[in-house]
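1. here are the coordinates; sequence isn't available:
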């Protein structure tokens, strides 16, 4: 197998393609969230105090610190974290719990122990076959 064939096999693998799609979607999602924060959320936060975070700066010895830009970045991070948590993490956790419940129900024991004589009997039994006690 040539190096070119090996490289082609590597590129076509599902996880490489999935990673490329995730990066592209992540970049697009970043643009949407950045626009949301800078155009909608930041002005809403500034309404009560009439603050505009995007224009807020501090100057020390001629150096300009873009504090508003940093606040926008923090708001963007928190917004992304909330969206990922509520739209991705919570649903996946719920699906995992449902899956675990289904697996646990599917692997129900086929036998149980009689509480009177401690014999092993079928799980659906209403009466013990050994001591004839009603269960």
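-> The structure has been received and is ready for your questions. Everything numeric here is computed off the predicted structure, so don't read it as measured data.
2. give the contact list for residue 75.
-> By Cβ atoms under 8 Å, 6 or more residues apart in numbering, residue 75 lies in contact with 37, 41, 42, 45, 53. No exception for glycine: its C-beta is placed from N, CA and C like everyone else's.
3. Now the element after the helix-or-strand element of the chain with minimal mean pLDDT, going C-ward?
-> In the chain, the helix or strand scored least confidently by mean pLDDT, DSSP states H and E is helix 42-46, which has a mean of 73. Proceeding N to C from helix 42-46, the next assigned helix or strand is strand 58-60, under DSSP states H and E.
4. Could you name the helices and strands sitting against that following strand?
-> strand 63-65 (3 or more Cβ pairs under 8 Å, 6 or more residues apart in numbering; DSSP states H and E).
5. The strand it packs on - contacts with which helices or strands?
-> strand 58-60.
6. Each with direction, which strands does the strand it packs on pair with?
-> strand 63-65 (antiparallel) (DSSP bridges).
7. Provide the contact partners of the strand it pairs with at residue level.
-> Residues outside strand 63-65 that contact it (Cβ under 8 Å, 6+ apart): 57, 58, 59.
8. Buried residues of the longest helix along the chain, list them for me.
-> Taking DSSP state H as the criterion, the chain has its longest helix at helix 14-36. By neighbour count on 16 or more other Cβ atoms under 10 Å, the buried set for helix 14-36 is 33, 36.
9. Now do it, average pLDDT.
-> Mean pLDDT, computed over helix 14-36, is 83.
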